[in-house]
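**Q** Could you look at this predicted model? Sequence included:
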Amino acid sequence: MTPRHFLFLFLLTLPLCISAQKRKSATPPKSIAEQAQEAIDRYQFNQAEKLLTKEITTLKKRRKETSKLERMLRSARTGANKLHATERLVIIDSVVCPKQEVLKAIRLSQESGRIDTYASTYHTEDIQGATIYENELANKRFLSIEIAEEETDGDATKLRLATSDKIGEEWSKPNPLSGLNEDDLAQNYPFLMSDGLTLYYAATGPESIGGYDIFVTRADGEGGNFLSPENVGFPFNSPANDYLLAIDELNQLGWFVSDRRQPQGMACIYVFIPNDTREVYADISDDQLQRLARIASIQETWNDEVEAAQQRLAAVRSGQGKKAQKPEFTFPVDNQRVYHHTADFSSPIARFKIGQWVKLSQTISTDETLLERLREKYAKAKPADRKQMTSTLQKLEKTLQSQEAELNQLAKDIRNAEITHKQ
């Protein structure tokens, strides 16, 4: 065979070789589940819902398994329902660290209480990663405990929140909290606000957007029961795991932890400015809302309060955090005087009652926020679910009316005591 023949055969087979190479290197098409997960990760929940609904319908006609896709669909629908209620939040910093170092990296003031691992607090081995919260007075703990399998109808071991009180030098046996979601697979990372009533914690279960989500509830003041917990929504929660929310009211700093977009074994600690009242975003595009909800960039959340907050954070990290320098409250005594500290009052009766007034004001503010969230949930609920929610709504509304009447009476008593004392 001549060289010309070899050249002819090579050129003849070259297109076939190239075609075969292209087929070999071509990326296989993504499955519907992969496409839907990518949409969920971008917070394009409506797109994910459309993809999954169509695929589930097709698979059911073919009598194929759909449980995984149905779980994704629930997550997409939950995300879609909560996206419009994304809280306007200023996030001033973020730090990535190993998960086992997270609690050490959160610097709370002594007035905010203490968070720690169960293993460290009780000096025992713990493979579940349970945590505890201990109040400022070091006489009450909220903690996560294991529930034995025989108590869960044969399911795997679950984590449940419980309380323990210090009696003398001993801690009481943990007592599980009443009122939380019994369908949760795990409840962990408790944190109690200074009002002694508002509890944040993380849970995995049917109300979660994905993995662990952060929830808030409040003690109803009767028998230690808690009201139905609410998912705090975006941007605190995500399709990944979101573990802990803690607020240092003294230094006006908040912390929450998430493993979104993090490698295995790592977590991100976000530091934010706590809001006095909950606000949501308005008049922004869907793309902007999705970016803010998933925290695409913390700089996109910044405003003119950032610099002062970052200075407070630097002081806290250096051990120079504020020591009760902020106003305790704002209380108008008359047309000329507005007091901000208990020491401003001359009347001993007024000084005593202002503490009751402050605590009740905080409770009312918390209840009003919870009532707003419950009303939003009620408006979107199915008729059967609304019936179950009505009792909780009515009870909370009645409690608020009673609290507001008590607050007004306290204010009158404080003013009368102070004015009379001055005369």
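**A** That came through, no problem.
**Q** use CA for all of it now, contacts and neighbours both
**A** OK.
**Q** And the residue lying closest to Asn139 once chain neighbours are set aside, how close does it get to Glu111?
**A** Nearest residue to Asn139 in three dimensions, chain neighbours excluded: Lys166, at 4.8 Å (CA to CA, 6 or more residues apart in numbering). According to CA to CA, to the nearest Å, Lys166 stands 18 Å off from Glu111.
**Q** who's more crowded, these two?
**A** Neighbour totals were compared for Lys166 and Glu111, and Glu111 leads with 16 against 13 (other CA atoms under 10 Å).
**Q** SS state for that one?
**A** For Glu111, the assignment made with DSSP: H, G, I helix; E, B strand; the rest coil gives helix.
**Q** one step back: within the helices and strands, which one has the residue nearest to Asn139?
**A** With secondary structure defined by DSSP states H and E, Lys166 is part of strand 158-167.
**Q** name the helices or strands packed onto that strand?
**A** strand 140-147, strand 175-176, strand 186-192 (3 or more CA pairs under 8 Å, 6 or more residues apart in numbering; DSSP states H and E).
**Q** Report the angle between the first one and strand 186-192.
**A** Read it as strand 140-147. 180 degrees (axes from the mean of the first three to the mean of the last three CA atoms, to 10 degrees).
**Q** Give the partner strands of strand 140-147 in its sheet and their orientations.
**A** Using DSSP bridges, strand 140-147 pairs in its sheet with strand 131-134 (antiparallel), strand 158-167 (antiparallel).
**Q** Quick one: mean pLDDT for the longest one?
**A** Translated: strand 158-167. Per-residue pLDDT values over strand 158-167 give a mean of 90.
**Q** Stretch 355-375 now?
**A** Per-residue pLDDT over stretch 355-375 has a mean of 87.
**Q** Counting neighbours, which bits of it end up buried?
**A** 357-358, 360-361, 363-364, 366-368, 370-371, 373-374 (16 or more other CA atoms under 10 Å).
**Q** Show residues contacting stretch 206-223.
**A** 75-76, 78-79, 183-184, 197-205, 225-233, 236-245, 367, 370 (CA atoms under 8 Å, 6 or more residues apart in numbering).
**Q** just to revisit the earlier point, looking at the helices and strands packed on strand 158-167, which is nearest to Leu292?
**A** strand 186-192 (24.5 Å; CA to CA).
**Q** Direction included, what does that closest one pair up with?
**A** Counting by DSSP bridges, strand 186-192 is paired with strand 198-204 (antiparallel).
**Q** where's the partner strand relative to the chain centroid, distance-wise?
**A** On the basis of CA atoms, centre = their mean, to the nearest Å, strand 198-204 sits 7 Å off its chain's mean C-alpha point.
**Q** C-terminal to it, what's the next element?
**A** Next along from strand 198-204, by DSSP H and E: strand 213-218.
**Q** Give me the mean pLDDT for that next one.
**A** Here the average pLDDT along strand 213-218 is 94.
**Q** Give me the angle between that strand and strand 198-204.
**A** 150 degrees.
**Q** Partner strands of strand 213-218, with direction?
**A** Strand 213-218 is paired, per DSSP bridges, with strand 198-204 (antiparallel), strand 230-231 (antiparallel).
**Q** For the shortest one, which outside residues touch it?
**A** Where contact means CA under 8 Å, 6+ apart, the residues beyond strand 230-231 that reach it are 207-208, 213-217, 370, 373-374.
**Q** Go through the residues you listed and give me the one with the most neighbours.
**A** That'd be Ile214 among the contacts of strand 230-231, by other CA under 10 Å, with 32 neighbours.
**Q** Return the most buried member of the helices and strands packed on strand 158-167.
**A** Mean neighbour count (mean count of other CA atoms under 10 Å) peaks for strand 186-192 among the helices and strands packed on strand 158-167, with a mean of 27.
**Q** And the closest residue to Glu111 other than its chain neighbours, its phi and psi?
**A** Leaving aside its chain neighbours, Glu111 sits nearest to Glu136 (5.4 Å; criterion: CA to CA, 6+ apart). With angles defined as degrees, to the nearest 10, Glu136 sits at phi -60, psi -40.
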